[in-house]
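**Q** Curious how this folds, go ahead:
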Amino acid sequence: MGAISSLSGAAWSAGLVALSVACGAADSSTRARDRQETEGAGVESSINTCPNLTFHMILPRVIRPGEAAIVGVFASDEDSNDTELGYAWSATSGEFVNPRDAFTEYTCQDAGHQVLSVSAFDEQGCTSELDLDVYCLEP
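**A** As a prediction, the model looks like this:
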């Protein structure tokens, strides 16, 4: 039987158990085996895979306070339309022009090592995160 990493809920409805998996990945053989095991058992299930952050960039990676760097990520989601993915950027110090876009500008505020964090999430709320390093020079 395939492993389930987490359940977002379970409900009894007309004698059926409805399972919704929040995040996880399964290969095609696992999905086929699970489908065979649940046929005729009155079990309905759906698997939501999290977005996959496939590419990231920071140009330049070393900047002065007040200067901007272009930052961005590409993400894909095998069970969702990639254009419907959401993004959220945050940093230990500094600001983003458009923190809800896949590509944006980051402006450094404090000198030293800064961590930029980006999350990509699908419509079902499954989130993948990535931390990126930037170094802000002394003024």
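**Q** what's the burial count for residue 48?
**A** 18 (other C-beta atoms under 10 Å). C-betas here are computed from N, CA, C, even on glycine.
**Q** do residue 127 as well
**A** Around residue 127 there are 14 residues (other C-beta under 10 Å).
**Q** Leaving aside the residues adjacent along the chain, what's closest to it?
**A** The shortest distance from residue 127 to any non-neighbouring residue, by C-beta to C-beta, 6 or more residues apart in numbering, is to residue 121 (4.3 Å).
**Q** any idea how the chain splits into domains?
**A** Domain segmentation of the chain under automatic domain parsing yields 7-47, 52-136.
**Q** where among the ones you listed is the average confidence lowest?
**A** Least confident of the domains of the chain, judged by mean pLDDT, is domain 7-47 with a mean of 42.
**Q** so where do the strands sit in the protein?
**A** Remark: strands assigned in the chain by DSSP state E are 7-13, 16-21, 43-47, 52-59, 62-63, 68-76, 86-91, 95-96, 103-107, 112-121, 127-136.
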